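Trainee: sequence unavailable; structure follows:
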C-alpha cells in the first residue's frame, strides 16, 4: 500500500451480504472498524490518508440477477497517500529511520527487566519530546512527530510508546477516550495500557510530560503520576471509549488491574 494506488480486490466475497437488507451499511461499518483496528495495531502506517482510501462497490445486473464486487483503492484520487509522503522513497526513508531508532533503544535496554524497559522508554519520551501546543510539527499525531521532530500531541506520544513496546515484545495497546485535566476540563485524549507480570496497567506519557512555564522543573511526583496505574486511580480522570470513530463497532480494551503497580 506504500504505492498509494494498490488495489485490494475482494471480488464477490461480500456478494451475499450486499444482497441482504442493510448489507451495504453493515459493510461500511465493518470497513471503518477494520481500519480502526488496523491503525490501532500498526503504528507505522502513518502515510495513508483514510479519506482518500475508497471502498468501491460495483453492481452488475442481468435480467433479475444482481452481482456485487468490492474493492479497496484510491478511487478518484491520484493516490491514497498523504500529500507529504509522495514519492514512495520518502516513506521508505522515514520508516527506515524510525525503525533503526527503536532498534537502537532495544539494544541499549538489553538485560533490563520489563519494568525497567517500560520506565526507561517512558522517561526517554518525556526527556526528548515536548507537547506540540501550537501544532507546528508536520506529524504530531503519528510516530514521526516524537521520533523525527521531537514534538507531539497525546496520540503521537501514545503511538510512539506502543511502537517501541512492540519492538521490546511487551504487550501494549493504544487507548482513546476522554481525560479530565487538573483544570476540570474534559477533552479527547489518548494513552496506553501495558502488560507487566500478567497484569495490565495504564501509562499516560503525555500527562507525565506537562508543559512547564518559566524555569520550573518536573518533579518525580508529576513525572510518574500516570505511570503503571490501576483502574482505581486511573479512572478518576480517564474514561476509555471503545467507539474509535463514528460508524464503527465498539472495541474492548484489556481490563486494568485495580491496584497500581
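Mentor: Great, that's in hand. Only a predicted model underlies this, so the values are computations on that prediction, with no experimental measurement involved.

Trainee: could you pull out the strands for the stretch 101-250 of the chain?
Mentor: 130-131, 151-152, 172-180, 186-196, 199-203, 227-229, 238-240 (DSSP state E, counting those that start in this stretch).

Trainee: tell me which of those strands sits most buried.
Mentor: Mean neighbour count (mean count of other C-beta atoms under 10 Å) peaks for strand 151-152 among those, with a mean of 25. Any C-beta I mention is one placed from the backbone N, CA and C, and that applies to glycine too.

Trainee: any idea of the mean pLDDT in the single longest helix found in the chain?
Mentor: When the chain is parsed with DSSP state H, its longest helix is helix 88-108. When pLDDT is averaged over helix 88-108, the result is 97.

Trainee: which non-adjacent residue is nearest residue 237?
Mentor: residue 180 (4.6 Å; C-beta to C-beta, 6 or more residues apart in numbering).

Trainee: equivalent analysis for residue 70, please.
Mentor: In space, residue 70 is closest to residue 10, 4.3 Å off (C-beta to C-beta, 6+ apart).

Trainee: which of the strands of the stretch 101-250 of the chain sits closest to residue 88?
Mentor: Nearest to residue 88, of all those, is strand 151-152, at 24.7 Å by C-beta to C-beta.

Trainee: if I look at the residue of the chain positioned farthest from its centre, how far off is residue 18?
Mentor: Largest separation from the mean C-alpha position in the chain: residue 63, at 46.7 Å (C-alpha atoms, centre = their mean). Distance, residue 63 to residue 18, using C-beta to C-beta, to the nearest Å: 18 Å.

Trainee: how far off centre is the helix or strand of the chain with the lowest mean pLDDT?
Mentor: In the chain, no helix or strand scores lower on mean pLDDT, DSSP states H and E than helix 220-223, which sits at a mean of 84. Distance, stretch centre to chain centre, for helix 220-223: 25 Å (C-alpha atoms, centre = their mean, to the nearest Å).

Trainee: over to stretch 75-84?
Mentor: What separates the centre of stretch 75-84 from the centre of its chain is 21 Å, taken as C-alpha atoms, centre = their mean.

Trainee: neighbours of residue 252, how many?
Mentor: Using other C-beta atoms under 10 Å, residue 252 is surrounded by 7 other residues.

Trainee: cool, and residue 5?
Mentor: When neighbours are defined as other C-beta under 10 Å, residue 5 has 12 of them.

Trainee: helix/strand/coil for it?
Mentor: Three-state assignment for residue 5 (DSSP: H, G, I helix; E, B strand; the rest coil): coil.

Trainee: that one contacts residue 77, correct?
Mentor: No: under the criterion of C-beta atoms under 8 Å, residue 5 makes no contact with residue 77, lying 9.1 Å away.

Trainee: coming back round to it: for the longest helix of the chain, list every residue counted as buried.
Mentor: The neighbour-count check on helix 88-108 (16 or more other C-beta atoms under 10 Å) flags 91, 94-95, 98, 101-102, 105 as buried.
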